[in-house]
Every structure is written in structure tokens, then in C-alpha cells.
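Peer 1: Generate a structure from the sequence data that follows.
(2 chains)
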Amino acid sequence: MNGALDIVTAVLLSAGGLFCVVGGIGLHRFSEFYQRTHAASVTDTAGAGLMLLGLMFQGGLSMVTLKLVLVLAFLFFSSPAIAHALVKAAHGHGLALELEIEDEPGRNGDAAG
Amino acid sequence: MRPGVLALLAAVWLSLSGPYTMHELPILIFGLLSIAFVWRLYLALDRAAGGGSEFFRASSWLRLPRFLVAFALKVAAANLHTTKLILSPKIELHPRLRRVPTSQKTSFGQVLYANFITLTPGTITLDLRDDELLVYALDAESEADVMDGSMDRDVLRLEGGSD
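Peer 2: Coordinates of the predicted model:
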């Protein structure tokens, strides 16, 4: 394996790890359930995505890379399904969501188009 | 598309663990059985869903790369924004709920759009009802990513509805 690819992999793995840690920090720092799911999705997307991408550089054009691509594809279908199931269950069972539904865009003057 | 799904399943299985010599005849048989089983499952699910999975026509596959690039860029930008929110010294969030209209014609397209929103950190889809998504956003900037309708257009373009 040549040096440049190893460096790319190292950078991507580190960045992915960093995003995983950030997701974990967010999970603790955010104050309630719904906000925390957002922090977790940083781990799911940037964390897992960058790490898998880094590993693909090690695999080159091979079966290993194809499998990593499939892992990524399945992850990108399953993780939003899980996140959605969590928040829908919480919402459906009346976990307080102290928000009004805003129907008119721009009512607060901050919904940039 | 149904034979297409069968071909896709066979290709995935063959490339991941297919037998490449005739010594592995039992594996071939088990492989074919598992493909038949998953395909059967897919047909049943498709029927239960009212046949909404005609989404992926051949032309959609051709548009997939462009969609994936747009998708990756949006998810990356949202990740950076959410990371900023998480690491800021003082957590200041202004969460909000919004109804977001969907313009996809197939249920698969709508689900893809809803998943796109959920995968983008900072926004999450709570519900899908009457062609409208209920979206929970962390703050104004995350919300604007959805409200400007660009993700909707990305999915619509993949579906083949416009452009």
C-alpha cells in the first residue's frame, strides 16, 4: 500500500472519529430527546461515512470496496428509518414537544428562501 | 422493474459470495433459494404498499450519480453546521416544527425525500401524511436548508419528474 493512500485513509478515519466524538458530545450537551437525535445523526452520517470512505481507499477497486459501498448504502437507508421510528414513537406517545407548527414560511422573519 | 430487482439481487449475491467453481454447487442452490425468498418478500411488500416502487426506472439509475453528489454536499454542509452548534460554548437552539409539502409522485420518492431530510443533521422527519412532511429543525439555518425546496427538487429530478 503506498504512502499517499495511507495518509488519505488516516485523515479520513481521524475526521470520521472526530465527528463520532462530536455526535457523542452533542448527545450529552443538547437538552432534550428530539435535539439529541440530531446530534446522533452526525455520528451516523459524517462519522460512519468518512470512516467507510477512508477504508475504501485501502480497498482500492476490489470486492472489499464494493462491500464497503454496500455497507454505506444500507446504513443510509437504515439509520434514517431508525431515527424516524424513534422520534415518531416519542411524538406519538406524547413526549412533550413544546412547539407550535409554523405553517406560514417566514413568519419569524428568519426562514430564508 | 420487478425483473430488475431480481437481477440486482442476483448481482449483489454473486459479487459478494457467489460460487465461482462447480464444486460449490450447494452454495449455488442455497444462493438461488435465498434470492427467490428475498424476491418473494419484495413482491409481497410491494403489493402491501400498493405498488409504489416503480420509482427506479432505468433512467433513474443514470441520474443517481448526480443525486448522490448533491446529497453528499448537503449532508456534509449540514454536518458542519450541526457540529458548530454542538461545539459552541453556549448551546443556543431555536427548534421549530414545519409542514413541508412533497412534490414526488411515487411513495418511494416521498420516502427518499423524508429520509434525505432525516439524514441531514439538524432536521428530522416526524411524520408523513397527505403528501406533507412534518419536519423538526434545530434552528433557522437548518430549517432553511429544507424550506428552500432544493432537496425536494433533487429527489424530484432523480424521480424524473422535472428537468
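Peer 1: From now on I want contacts and neighbour counts done on CA atoms only, so please keep to that.
Peer 2: Noted.
Peer 1: List the contacts of the residue nearest to the spatial centre of chain B.
Peer 2: The centroid of chain B falls nearest to B:Leu112 when counting by Cα atoms, centre = their mean (3.6 Å). Counting by Cα atoms under 8 Å, 6 or more residues apart in numbering or on different chains, B:Leu112 touches B:Val155.
Peer 1: What pLDDT is listed against it?
Peer 2: At B:Leu112, the pLDDT value in this model is 87.
Peer 1: quick one: it from B:Phe71, how far?
Peer 2: Using Cα to Cα, to the nearest Å, we find B:Leu112 at a distance of 11 Å from B:Phe71.
Peer 1: Next secondary structure after the host helix or strand of the residue nearest to the centre of chain B?
Peer 2: Here B:Leu112 sits within helix B:107-119, counting by DSSP states H and E. Note on helix B:107-119: by DSSP H and E, the next helix or strand toward the C-terminus is strand B:123-129.
Peer 1: Parallel or antiparallel, list what pairs with the next helix or strand after that next one.
Peer 2: Counting by DSSP H and E, the next helix or strand C-terminal to strand B:123-129 is strand B:132-137. The strands that strand B:132-137 pairs with in its sheet are strand B:96-101 (antiparallel), strand B:123-129 (antiparallel) (by DSSP bridges).
Peer 1: and A:Val69, which of those is closest to it?
Peer 2: Distance to A:Val69, taken as Cα to Cα, is lowest for strand B:123-129 among the strands paired with strand B:132-137, at 24.2 Å.
Peer 1: List the buried residues of the closest one.
Peer 2: By neighbour count on 16 or more other Cα atoms under 10 Å in any protein chain shown, the buried set for strand B:123-129 is B:Thr123, B:Ile124, B:Thr125, B:Leu126, B:Asp127, B:Leu128.
Peer 1: Tell me where the chain has helices.
Peer 2: Went with chain A since none was named. Under the criterion DSSP state H, chain A contains helices at A:3-29, A:33-42, A:48-59, A:63-92.
Peer 1: try again with chain B
Peer 2: All helices of chain B, identified by DSSP H, fall at B:2-17, B:25-48, B:58-87, B:107-119, B:140-147, B:150-159.
Peer 1: Please save the CA atoms from the fourth one in CSV.
Peer 2: Yep, that's helix B:107-119 we're talking about. The C-alpha coordinates for helix B:107-119 follow below in CSV (Å, rounded to 0.1, in the frame of the first residue of the first chain):
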residue,chain,number,x,y,z
SER,B,107,-44.4,6.8,-2.4
PHE,B,108,-40.8,5.7,-2.8
GLY,B,109,-39.8,9.2,-3.9
GLN,B,110,-41.5,10.6,-0.8
VAL,B,111,-39.8,8.2,1.5
LEU,B,112,-36.5,9.0,-0.1
TYR,B,113,-37.1,12.7,0.4
ALA,B,114,-38.1,12.1,4.1
ASN,B,115,-35.0,10.0,4.6
PHE,B,116,-32.9,12.7,3.0
ILE,B,117,-34.2,15.2,5.5
THR,B,118,-33.7,12.9,8.4
LEU,B,119,-30.1,12.0,7.3
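Peer 1: Could you spell out which stretches of chain B belong to which domain?
Peer 2: Residue ranges for the domains of chain B, per automatic domain parsing: B:2-48, B:59-159.
Peer 1: And A:Leu55, what's its pLDDT?
Peer 2: Note for A:Leu55: predicted pLDDT of 93.
Peer 1: Tally up the residues packed near it, please.
Peer 2: Using other Cα atoms under 10 Å in any protein chain shown, A:Leu55 has 19 other residues around it.
Peer 1: before we move on, the earlier item: kindly state which of the domains of chain B is positioned closest to A:Ala85.
Peer 2: Checking the domains of chain B against A:Ala85 by Cα to Cα gives domain B:59-159 as the closest, at 8.5 Å.
Peer 1: what residue ranges in chain B score low on pLDDT?
Peer 2: In the predicted model of chain B, residues B:1-2, B:18-22, B:51-58, B:161-163 satisfy pLDDT under 70.
Peer 1: Close to chain A: what parts of it are there?
Peer 2: B:15-16, B:75-76, B:79, B:82-83, B:86-87, B:91, B:95-99, B:115-116, B:118-127, B:138, B:140-141, B:143-144, B:147-148 (Cα under 8 Å from any Cα of the partner chain).
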